[in-house]
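> Sequence plus predicted model, see below.
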Amino acid sequence: MYARNMRLAALQSSFVDRAVDTVLHIHRHERPGDILVFLTGSQEIERAVTATEKLDAKLDYRGDVAHYHSKDPDGRRVVGMSVFGLYASLETGQQREIFEPARPGYRKVVFATNIAQTSITIPGIVFVVDCGFVKQKLYDPVTHMDALVVTPISQAAATQRAGHACATTG
């Protein structure tokens, strides 16, 4: 799934909400498997983690989640989400939790910066949600300062993100 015919400004202002909505859609309708979501920075990740945990708490699993009733051919059920953030300044202990298998019946959701694009492999990832943006350091010649600016990623970077995560499914 991807956004078509949307203006860049509209996408930039709503990409966190759209990522959370997509995670919820996958969680409710798709087969069991963990989700990796690429966002731009720690603030966006913390916002997404909080929003996802709140939405998960409101779900009626018996009625809202397709794989709650063991409809999966392997008999696996989805009964909850374990939501994590992953970014460079995260403490080591918190980072370690991300690499542990999800509890039985739980879908692991990892909101990550582009650190997960090249540096690590998270086992169990089946679904990838990519906001299509990254924070880049750009020099502003007017102010003579560097600034972090949210910019669209290249097609090659998008392919790398998707390919990296697909490789973790075995």
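Nice, thanks for sending it over.
> Look at the spatially most central residue of the chain and give its secondary structure.
The chain has Val37 as the residue nearest its centroid, 1.4 Å off, counting by CA atoms, centre = their mean. Here Val37 is recorded as strand under DSSP: H, G, I helix; E, B strand; the rest coil.
> for the chain, what are the low-confidence residue spans?
Within the chain, the set of residues satisfying pLDDT under 70 comprises 1-13, 69-76, 116-119, 161, 163-170.
> who's sitting farthest from the centroid in it?
The chain, CA atoms, centre = their mean, max distance from centroid: Val142 (35.3 Å).
> which SS state does it fall under?
coil.
> Next one: it from Val149, what distance?
14 Å (CB to CB, to the nearest Å). All C-beta atoms are positioned from the backbone trio N, CA, C, and that covers glycine.
> same thing with Ile35?
27 Å.
> more crowded one of the two?
Between Ile35 and Val149, counted using other CB atoms under 10 Å, Ile35 has the larger neighbour count: 25 against 13.
> Spell out the residue ranges of the helices in this protein.
8-29, 42-58, 61-64, 92-98, 115-118, 155-167 (DSSP state H).
> Could you export those as a markdown table, including mean neighbour count and distance to Gln136?
A markdown table is the format used below for the helices of the chain (neighbours: other CB atoms under 10 Å; distance: least, CB to CB, whole Å):
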| stretch | mean neighbour count | distance to Gln136 |
| --- | --- | --- |
| helix 8-29 | 16 | 13 |
| helix 42-58 | 16 | 15 |
| helix 61-64 | 12 | 38 |
| helix 92-98 | 12 | 23 |
| helix 115-118 | 17 | 13 |
| helix 155-167 | 15 | 11 |
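> Distance to Lys137 added to those, as a markdown table?
Below are the helices of the chain laid out as a markdown table (distance: least, CB to CB, whole Å):
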| stretch | distance to Lys137 |
| --- | --- |
| helix 8-29 | 17 |
| helix 42-58 | 15 |
| helix 61-64 | 41 |
| helix 92-98 | 23 |
| helix 115-118 | 15 |
| helix 155-167 | 16 |
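> so which of those helices gets nearest Val79?
helix 61-64 (6.0 Å; CB to CB).
> Run the chain-centre distance for the closest one.
Chain-centre distance of helix 61-64: 22 Å, with CA atoms, centre = their mean, to the nearest Å.
> In CSV, list the C-alpha atoms belonging to it.
Provided in CSV are the C-alpha atoms of helix 61-64 (Å, rounded to 0.1, in the frame of the first residue of the first chain):
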residue,chain,number,x,y,z
TYR,A,61,-9.9,-8.2,20.0
ARG,A,62,-12.8,-10.6,19.7
GLY,A,63,-14.5,-8.4,17.1
ASP,A,64,-11.8,-6.2,15.6
